[in-house]
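Asker: What follows is a predicted structure for the sequence shown.
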Number of protein chains: 2
Amino acid sequence: MVSKEMWALGANRSVIRDLFEYGLQQAKIVGPENVFDYSLGNPSIPAPDAVEEAIRNILTDTDSIKIHGYTPAIGDFATRKAIADDLNNRYSAGVRPEDLFICCGAAPGLIAIFRALAASADAEFVAIAPFFPEYRPFTACAGGKLTVVPADTEGFQINMTALEEKLNANTQAVIINTPNNPSGTVYTDETLKALGEILTRKSREYGHPIYIIADEPYRELVYGDVCPSFIPNIYPNTIVCYSYSKSLSLPGERIGYVYVPQQAEGRDELYPAVAGAARAGGHVCAPSMWQKVIARCAHLRPDLAAYDANRRLLAESLKEMGYRMASPDGAFYLFIQAPGGDDLAFCQRAKEKNLLVVPGTGFDCPGWFRVCYCVSPEMIRKSLPVFKALIEE
Amino acid sequence: MVSKEMWALGANRSVIRDLFEYGLQQAKIVGPENVFDYSLGNPSIPAPDAVEEAIRNILTDTDSIKIHGYTPAIGDFATRKAIADDLNNRYSAGVRPEDLFICCGAAPGLIAIFRALAASADAEFVAIAPFFPEYRPFTACAGGKLTVVPADTEGFQINMTALEEKLNANTQAVIINTPNNPSGTVYTDETLKALGEILTRKSREYGHPIYIIADEPYRELVYGDVCPSFIPNIYPNTIVCYSYSKSLSLPGERIGYVYVPQQAEGRDELYPAVAGAARAGGHVCAPSMWQKVIARCAHLRPDLAAYDANRRLLAESLKEMGYRMASPDGAFYLFIQAPGGDDLAFCQRAKEKNLLVVPGTGFDCPGWFRVCYCVSPEMIRKSLPVFKALIEE
């Protein structure tokens, strides 16, 4: 009597959630200080003080009905203006408020894009391994087909030959996620330009644009001298999906946006199709008080010092032990080759020592595992002997 | 290149939004005091002070990472517990926290229910006119078929004979909305019992449950001595979809819940199917700070004095002029028979006098029009001569 597909999505728990809950149980048995939980990408730095100050100010200076009332479905003008101004200041991007659609975090934004582009049952989307596993149900439920480019496990950039083989007349978009979950790597400008060139050529060949969908929740989480470009500046047929979950440490609050550049081909059909797909998914407006917070805080950048310190400590220690990993330039993940080659077996051995790391298999990249370093430095320090024991076993 | 269906949903603007924006434009021309905008159901009473106090307290007494972090997809336990306690205190309803799923307002909750129940392409849902027009795209995009029971324009209850004719082996649920948008009427216990009896009989006949989907954002907005029952207490195979949009005047904040009673048939398949359908729609969690507010405020009731005063003033004045209307016992709507019989023509004539009311045609009930009385009493008073002129024309 119920949809089997929906039931399976609800009943089959995610590996990551299972690990996380196992960690909570183990903490009761062996003590929380003896569980090393690297499973969940939940920001460990607080929201900037200015965010909470903005909330207090809004409660004081704005009428309750205006704070909490419906906004236009596309979002408050002031919010869209603040985001456009910020993007233009940083990237000379030519963003107009009317090119932005404020959504309840990146997940429904991505689904709206997939659904807008799933023009027929043949529509195909290309993902590049390793990738966020929810792309699978998102594209399936949007009525599209997902094809996967195998991981480039040398540099965790894009294997362009393999990518090109996946493109065909049904390809509507290539979804990329840089800085990347789970690899922590950042696509170089060379990678993005090469991708743009292939897509330009193939779009011409097939007579329709192949879009990039840029899933960018980690855009600001980059370290050292890494300075990623704004992808629509490289390839104009890019649809951006952004979230404030990581940059402002507001993952539970569900606030983000979709950006359809005015220079994107078919922009005048695409933007309303995204809005319509959002409506079909139950979007009324993004949380209204949070829209008002973003109107005041869109220019803020996260203070990454704590993540960066964790990153260095963990990456350097593990490399010294002999672990091989993807270049950890962004997000808050290390992606590490599993000693022995079997990520599921390695993660199981780790779990038995109360070290919780996520197998790469779920990200379409077996043989590797993911470590989220949005944790306390104390936990990292205490966990190092376990990592050492595991590689020596 | 884009989905025509999604494009149409985004590009075809709603009549109500169009009216509302026309009103804003006219206000610039003739002055806001000369535009009588009864188009939008945006609460006009502020959120209770306790809500904003709860926000300030949460910012003070709770860690930032906990306030804004991801919650479980089904919602914080404390939130679900507070809602269950409140429902049990009021209705002896036997609600358990694990029967609740906290969602981003009623719209995605309804879609998740539709999608969970759209087990095959033949799945049918029955709506009872007049009804919220979004039920159409919601059921269509969930993969189901919507059939409509014509309005009972005598009492705006349910024409049970007509309802029974719409039921068949493919019927998965009947969606009801009481207090009703747009009619403002409340289904009596007799109506609900009669509905429950038919559905029980038909469920037996077809060998599977036919659920009631109770869309209840107006549950607490009832006037006089009207005291509606909790629908699952009358018919256990009821799935409730609730929102705090109206009861706490938080329509923009997107916080509500789905309740799948433990006594509902197939509960153990239905609840995960709803959760899975929410996930397929991009649900990660409901806004986390708002969950914490509801954990502290679930017991609050709205102060309806302002709505009730508006309701009496407008209903009594219009009746005196000769308007015939549905019994205005709930929500914040009057549903009025269009003088002359043509609602579209009447609403157009009204619009020309800067009186903005919504044709019933869009609610599958031509010949009637909707007036939202969540407005200022001054506006009502100033608009009365226009209503008078319209009925006298």
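Answerer: Done, it's in. Numbering: from 1, shown residues only, chains lettered A, B, ... in the order given.

Asker: contacting residues for A:Y242?
Answerer: Counting by CB atoms under 8 Å, 6 or more residues apart in numbering or on different chains, A:Y242 makes contact with A:106, A:109, A:216-217, A:219, A:256-259. Every residue, glycine included, has its C-beta placed from N, CA and C.

Asker: among the helices and strands of chain A, which has the poorest mean pLDDT?
Answerer: Here the helix or strand of chain A ranked lowest by mean pLDDT, DSSP states H and E is helix A:15-30, holding a mean of 89.

Asker: Name the strands paired with the helix or strand that comes right after that one and say parallel or antiparallel.
Answerer: Next helix or strand after helix A:15-30 toward the C-terminus (DSSP states H and E): strand A:36-37. Partners of strand A:36-37 in the sheet, by DSSP bridges, are strand A:355-356 (parallel).

Asker: So what touches the partner strand?
Answerer: Applying CB under 8 Å, 6+ apart, the external contacts of strand A:355-356 come out as A:19-20, A:22-23, A:35-39, A:350, A:383, A:386-387, A:390.

Asker: most neighbours, which of the contacts of A:Y242?
Answerer: Neighbour counts for these peak at A:G109, which has 31 neighbours (criterion: other CB atoms under 10 Å in any protein chain shown).

Asker: Which parts of chain A are strands?
Answerer: A:36-37, A:100-103, A:124-128, A:145-149, A:171-176, A:211-215, A:238-243, A:256-259, A:333-337, A:355-356, A:358-359, A:368-372 (DSSP state E).

Asker: which residues sit against the second one?
Answerer: Read that as strand A:100-103. By CB under 8 Å, 6+ apart, strand A:100-103 touches A:71, A:74-76, A:79-80, A:83-84, A:109, A:112, A:255-260, A:271, A:274-275, A:278, A:283, A:285-286, A:291, A:294.

Asker: re earlier: could you tell me the angle between the least confident helix or strand of chain A and strand A:368-372?
Answerer: Inter-element angle recorded for helix A:15-30 and strand A:368-372: 60 degrees (by axes from the mean of the first three to the mean of the last three CA atoms, to 10 degrees).

Asker: got the CA positions of helix A:15-30 in PDB?
Answerer: Taking C-alpha atoms only, helix A:15-30 is exported to PDB below (Å, rounded to 0.1, in the frame of the first residue of the first chain):
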ATOM      1  CA  VAL A  15      25.900   4.100   6.800                       C
ATOM      2  CA  ILE A  16      27.100   7.400   8.200                       C
ATOM      3  CA  ARG A  17      24.000   7.900  10.400                       C
ATOM      4  CA  ASP A  18      24.500   4.300  11.600                       C
ATOM      5  CA  LEU A  19      28.100   4.900  12.500                       C
ATOM      6  CA  PHE A  20      27.300   8.100  14.300                       C
ATOM      7  CA  GLU A  21      24.600   6.400  16.400                       C
ATOM      8  CA  TYR A  22      26.900   3.400  17.100                       C
ATOM      9  CA  GLY A  23      29.400   6.000  18.400                       C
ATOM     10  CA  LEU A  24      26.800   7.500  20.800                       C
ATOM     11  CA  GLN A  25      26.100   4.000  22.100                       C
ATOM     12  CA  GLN A  26      29.700   3.100  22.500                       C
ATOM     13  CA  ALA A  27      30.300   6.400  24.300                       C
ATOM     14  CA  LYS A  28      27.900   5.100  27.000                       C
ATOM     15  CA  ILE A  29      29.900   1.900  27.400                       C
ATOM     16  CA  VAL A  30      33.500   3.000  27.100                       C
END
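
Asker: in that helix, what's buried?
Answerer: Residues A:15-16, A:19-20, A:22-23, A:26 are the ones in helix A:15-30 that count as buried (16 or more other CB atoms under 10 Å in any protein chain shown).

Asker: Please identify which of these is nearest to chain B.
Answerer: Proximity of the buried residues of helix A:15-30 to chain B (CB to the nearest CB) peaks at A:F20, which lies at 9.8 Å.

Asker: Show the contacting residues for the closest one.
Answerer: Residues near A:F20 by CB under 8 Å, 6+ apart: A:37, A:39-40, A:356.

Asker: can you rerun that using 7 Å?
Answerer: Residues near A:F20 by CB atoms under 7 Å, 6 or more residues apart in numbering or on different chains: A:37, A:39-40.

Asker: Kindly indicate the member of those with the most neighbours.
Answerer: That'd be A:S39 among those, by other CB under 10 Å, with 24 neighbours.

Asker: which residue sits closest to that residue, ignoring its sequence neighbours?
Answerer: Leaving out its chain neighbours, the residue that sits closest to A:S39 by CB to CB, 6 or more residues apart in numbering or on different chains is A:L19, at 4.2 Å.

Asker: Then A:N88?
Answerer: A:V95 (5.7 Å).

Asker: same question, A:R301
Answerer: Nearest one to A:R301, counting by CB to CB, 6+ apart, is A:E220 at 5.8 Å.

Asker: Based on its surroundings, how many neighbours for that neighbour?
Answerer: 19.

Asker: how far away is it from chain B?
Answerer: Separation of A:E220 from chain B (CB to the nearest CB, to the nearest Å): 16 Å.

Asker: Output the buried residues of helix A:15-30 as a markdown table; include the columns distance to B:A331.
Answerer: What follows is the buried residues of helix A:15-30, written out as a markdown table (distance: CB to CB, whole Å):
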| residue | distance to B:A331 |
| --- | --- |
| A:V15 | 45 |
| A:I16 | 42 |
| A:L19 | 46 |
| A:F20 | 42 |
| A:Y22 | 47 |
| A:G23 | 46 |
| A:Q26 | 50 |
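
Asker: which residues sit in contact with A:A8?
Answerer: By CB under 7 Å, 6+ apart, the contact set of A:A8 is B:G276.

Asker: quick one on the thing from earlier: in JSON lines, list the strands of chain A along with mean pLDDT.
Answerer: Putting the strands of chain A into JSON lines (pLDDT from 0 to 100) gives the following:
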{"stretch": "strand A:36-37", "mean pLDDT": "96"}
{"stretch": "strand A:100-103", "mean pLDDT": "98"}
{"stretch": "strand A:124-128", "mean pLDDT": "98"}
{"stretch": "strand A:145-149", "mean pLDDT": "98"}
{"stretch": "strand A:171-176", "mean pLDDT": "98"}
{"stretch": "strand A:211-215", "mean pLDDT": "98"}
{"stretch": "strand A:238-243", "mean pLDDT": "98"}
{"stretch": "strand A:256-259", "mean pLDDT": "98"}
{"stretch": "strand A:333-337", "mean pLDDT": "98"}
{"stretch": "strand A:355-356", "mean pLDDT": "97"}
{"stretch": "strand A:358-359", "mean pLDDT": "97"}
{"stretch": "strand A:368-372", "mean pLDDT": "98"}
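
Asker: Please, where are all the helices along the stretch 1-150 of chain A?
Answerer: All helices of the stretch 1-150 of chain A, identified by DSSP state H, counting those that start in this stretch, fall at A:4-11, A:15-30, A:49-61, A:64-68, A:77-91, A:106-117, A:135-141.

Asker: okay, these, which one's buried deepest?
Answerer: helix A:106-117 (a mean of 29; mean count of other CB atoms under 10 Å in any protein chain shown).

Asker: what angle do that one and strand A:211-215 make?
Answerer: Going by the same axes, to 10 degrees, helix A:106-117 makes 170 degrees with strand A:211-215.

Asker: can helix A:106-117 be found next to chain B?
Answerer: Yes - using CB under 7 Å from any CB of the partner chain, helix A:106-117 reaches chain B at A:107-108, A:110-111, A:115-117.

Asker: Perfect, I'm done here.
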